[in-house]
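Enquirer: Have a look at this fold, sequence not included:
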């Protein structure tokens, strides 16, 4: 039987506010345990939460950027459960009335654009951290993270493959980074996801029973964990069993998901509206102001790159995934370079070099105008495309302009007809046998002659002229 | 003597702040072992505060409360001073911060003689649920003082302080004030900041004054009222001078008498005292009007669903992990269970269970949600009634102070002690209890006046007019 996966993601994004969601403590990562706490975030008796306006603004920004409608009336609710890293015995979250609802974003998979629905975005506070290792038999609690503002972004079950899930995650990350509301750091846990996965016979409308997979902390694992879970569920059904509704934990070491708790063991969180926080009535004028202040977002930029620069969807998607990358591209084009050529160089050599050093494009030693300058040298046939690769590497290493590198290293392309002709004549004279064979129809040997000529000119021979000349002389 | 009288004497330098504090502690020394109002006496701090107050007065910087000893219910956080909520689970808790209300009192130079007893976490109507001991009614020490602010009310009635603060979730200021023969006021929900008040039921809790006179209640309300950035539920409403309306005559004032509040089972002596009070109001030119609050019968049930639901969540933080009482266990779950089993008293545990049940999946709609809907109806009852009257008059309690142990075996009987006060919290409107007579056994009877949202001015005006035309508030218990 052919199976279809149905996937929905819940993404938790830590908001980049300076202070916590309900008190004035700093949100900085990596400080000494319990140094960024106060009576409010550690839940002492009698204290009260007061909403950080910035957190609300960030959630609204994200909602607007994902085409959600912003709720006129929104409320916080308490999610009740006992755990040492949860000092109040409840987490302040949103339940019945989230701040944003009914949005969508676009992803590009295999060059095709697909729309994924967003069910809701709600605000909540993060919990602290329990520390069990190296603590001499005790468990310690670090409450620095307690009260750091989070957004939970819940997708519709519109995702159909692990690859789509990854693209969705990447697009969301790209959006929150564009907005400056989250740093999207998966390793530090400031951008994390749970996946709801089910399978059904292809063509069937009803959903299968879903399992929730937790503890996924990299793009690679999003793909691997979901892939594993889909296969597992298909195997269970094909073996005559039934998928049970449960929460499963991704074990990256073993590469499998394992049952954490069944539906019967699921917590009853006893949600109810938090009486300590008044309902949020969002002012339309404020929403309009935020909307007007939004930057151009990845999808809009991608559309523009396709229409304005004639780029393929795939190129446009990649170039717009980071605001800084898109900016670099546009600056290079503005400096006079041809769009698709810039795109090729960026997605190829440039990304390769940056990735090798794990550098972001902000730290790129080559300025966009410098790439444009090099491309002009190719256009003017000062250097060949082949030499350009050497020049490009040198530019990356030294930050010098292409023109200077070419001059300093004598890399100017030989386009002088008589000079190339001289080389061609010498090579043919040196290899009479090969020349005979070529003339007899063994055209593969052209490569041999080009190679010899390039060797003789240290790669500087104008490739077009060289080709033409060789063919002429050998015919 | 009350705040205003003492203040005048201090101003004229006929008495010193240190003398007042010394006199209060001398009184405490002679009656406290019989009354047991205080969980913690703060003699050293009080002497220190009185000296500072005296210095303020001498240097001509007298504040409104300079040198005035005010007892604070032990569920309001006082920085560096034990704050227990009369619970074992917080038996060792010293807050590193000050509640907003006590910060405001500090700014005005008050003196803290001690923290007063209450039913554990303010859950109860007699102080018999205190995790430590029961406070006695100064009018009859075999009887309870009411609750949960029983310690504060008894301390005021027994002259162990000049006035006090209490908190009122379902009647916890007004009911003990009535049973102890003093004035107790619950302001409009949102009028006074709850920051630093250890929460019982957040949507109902409100701090208010317990005083020897209506004027003193107005003076304290002036100080503690107002929007607080630390409490989002404190209302951004202007605070008038609550003493301004005091003394204004009340001719033409329409007083609503809700027919639902004169019920079977009400003590006839209480009913007579309240009916006499209505006549007294008439003689002062006020106009009694019968009104209806049709959903009153549902108030107690509604309250016990909502208050316990909120409490079950509010009290989750007492888990033995961070502060307060811990009972060790073999693992985390056992530590949680033992700490909470040993740290909380029976009534608190009963309410946590009730609330947990009401919020549980499958029961939420039938209990919590339904109760919220009824709460809206009760609120509307008051809005409708206030369309035609200025204040509403009821008894504060169905009976005078009962005997210790009389109702402890029957929680439902105990819950009914708040039958007349609970609706006021559900509706969020202000209420005040003032003395209106005595039973044949010489036990005080209280009269409750209920006002419109944020109209404490009219409420105080009406209460003052009655108080000044009677002598009830001048009577003192024989101790």
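Expert: Happy to help now that I have it. These figures come from a predicted structure and were not determined experimentally. Residues are numbered from 1 along each chain as shown, chains lettered A, B, ... in the order given.
Enquirer: Isn't residue A:336 up against residue A:376?
Expert: Yes. The pair residue A:336 / residue A:376 is scored as a contact, 6.8 Å apart, by C-beta atoms under 8 Å. Every residue, glycine included, has its C-beta placed from N, CA and C.
Enquirer: more crowded one of these two?
Expert: Between residue A:336 and residue A:376, counted using other C-beta atoms under 10 Å in any protein chain shown, the more crowded position is residue A:376 (15 against 12).
Enquirer: contacting residues for the more buried one?
Expert: A:336, A:337 (C-beta atoms under 8 Å, 6 or more residues apart in numbering or on different chains).
Enquirer: per-residue confidence for the residue of the stretch 301-450 of chain A found nearest chain B?
Expert: Closest to chain B within the stretch 301-450 of chain A is residue A:323: 35.1 Å, counting by C-beta to the nearest C-beta. Looking at residue A:323, its pLDDT reads 92.
Enquirer: swap in the one 3 residues further on?
Expert: Listed pLDDT for residue A:326 reads 94.
Enquirer: so which helix or strand takes in it?
Expert: When secondary structure is defined by DSSP states H and E, residue A:326 falls within helix A:323-334.
Enquirer: Give me the distance from that helix to the chain's centre.
Expert: 17 Å (C-alpha atoms, centre = their mean, to the nearest Å).
Enquirer: which residue sits closest to residue B:465, ignoring its sequence neighbours?
Expert: With sequence-adjacent residues excluded and distances taken as C-beta to C-beta, 6 or more residues apart in numbering or on different chains, residue B:465 is closest to residue B:250, at 4.5 Å.
Enquirer: That neighbour against residue B:283, yeah?
Expert: No. Using C-beta under 8 Å, residue B:250 is not in contact with residue B:283; the gap is 10.8 Å.
Enquirer: Whichever helix or strand residue A:141 is part of pairs with which strands, parallel or anti?
Expert: With elements taken from DSSP H and E, the one containing residue A:141 is strand A:140-142. In the sheet containing strand A:140-142, the strands it pairs with under DSSP bridges are strand A:129-131 (antiparallel).
Enquirer: which residues touch the partner strand?
Expert: Contacts of strand A:129-131 with the rest of the structure, by C-beta under 8 Å, 6+ apart, involve A:33, A:83, A:84, A:85, A:139, A:140, A:141, A:142, A:144, A:145.
Enquirer: between those, which is nearest residue A:108?
Expert: Each of the contacts of strand A:129-131 was scored against residue A:108 by C-beta to C-beta, and residue A:145 proved nearest at 34.2 Å.
Enquirer: List the buried residues for the helix or strand harbouring residue A:60?
Expert: Using DSSP H and E, residue A:60 sits in helix A:53-65. Of the residues in helix A:53-65, those scored as buried under the neighbour-count criterion (16 or more other C-beta atoms under 10 Å in any protein chain shown) are A:54, A:55, A:56, A:57, A:58, A:59, A:60, A:61, A:62, A:63, A:64, A:65.
Enquirer: Give me the residues contacting the next helix or strand after it.
Expert: For helix A:53-65, the succeeding helix or strand toward the C-terminus, using DSSP H and E, is strand A:69-70. Under the criterion C-beta under 8 Å, 6+ apart, residues A:60, A:63, A:64, A:99, A:100, A:101, A:102, A:103, A:282, A:287 lie in contact with strand A:69-70.
Enquirer: for the first one, what are its contacts?
Expert: Under the criterion of C-beta under 8 Å, 6+ apart, the contact list for residue A:60 reads A:70, A:99, A:100, A:282, A:287, A:290.
Enquirer: so after the host helix or strand of residue A:370, what's the next helix or strand?
Expert: Residue A:370 is part of helix A:368-379, with elements assigned from DSSP H and E. Under the assignment DSSP H and E, the closest C-terminal helix or strand after helix A:368-379 is helix A:385-398.
Enquirer: Return the angle between stretch directions for that following helix and helix A:368-379.
Expert: Using axes from the mean of the first three to the mean of the last three C-alpha atoms, to 10 degrees, the inter-axis angle of helix A:385-398 relative to helix A:368-379 is 160 degrees.
Enquirer: Tell me, how many residues neighbour residue 184?
Expert: Looking at chain A here, since you left the chain open. What residue A:184 shows, counting by other C-beta under 10 Å, is a neighbour count of 21.
Enquirer: my bad, chain B
Expert: Counted with other C-beta under 10 Å, the neighbours of residue B:184 add up to 35.
Enquirer: The stretch 301-450 of chain B: strands as residue ranges?
Expert: Secondary structure of the stretch 301-450 of chain B (DSSP state E, counting those that start in this stretch): strands at B:391-395, B:431-438, B:444-450.
Enquirer: how about the ones you listed in CSV, adding mean neighbour count and mean pLDDT?
Expert: CSV is the format used below for the strands of the stretch 301-450 of chain B (neighbours: other C-beta atoms under 10 Å in any protein chain shown; pLDDT from 0 to 100):
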stretch, mean neighbour count, mean pLDDT
strand B:391-395, 26, 97
strand B:431-438, 28, 98
strand B:444-450, 29, 98
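Enquirer: Can you lay out those strands as JSON lines showing distance to residue B:237?
Expert: Rendered in JSON lines, the data for the strands of the stretch 301-450 of chain B read as follows (distance: least, C-beta to C-beta, whole Å):
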{"stretch": "strand B:391-395", "distance to residue B:237": "19"}
{"stretch": "strand B:431-438", "distance to residue B:237": "17"}
{"stretch": "strand B:444-450", "distance to residue B:237": "18"}
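Enquirer: who wins for proximity to chain A among those strands?
Expert: Evaluated with C-beta to the nearest C-beta, the strands of the stretch 301-450 of chain B place strand B:431-438 nearest to chain A, the distance being 19.7 Å.
Enquirer: Which one (most neighbours) among the contacts of strand A:129-131?
Expert: Within the contacts of strand A:129-131, neighbour counts (other C-beta under 10 Å) peak at residue A:144, which reaches 24 neighbours.
Enquirer: Can you give me the pLDDT of the one residue in the stretch 251-400 of chain B that gets nearest to chain A?
Expert: When C-beta to the nearest C-beta is the measure, the stretch 251-400 of chain B has its nearest residue to chain A at residue B:316, with 2.4 Å between them. Per-residue confidence at residue B:316 stands at 98 (pLDDT).
Enquirer: Who are the contact partners of it?
Expert: A:80, A:82, A:88, A:89, A:90.
Enquirer: Tell me, how many residues neighbour the third one?
Expert: Looking back up the chat, that one is residue A:88. For residue A:88, the neighbour count with other C-beta under 10 Å is 23.
Enquirer: Next up, the contacts around it.
Expert: Residue A:88 sits in contact with A:43, B:316, B:317, where contact means C-beta under 8 Å, 6+ apart.
Enquirer: Please convert these to a markdown table, extending it with distance to residue A:229.
Expert: Shown next, in a markdown table, are the contacts of residue A:88 (distance: C-beta to C-beta, whole Å):
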| residue | distance to residue A:229 |
| --- | --- |
| A:43 | 36 |
| B:316 | 33 |
| B:317 | 36 |
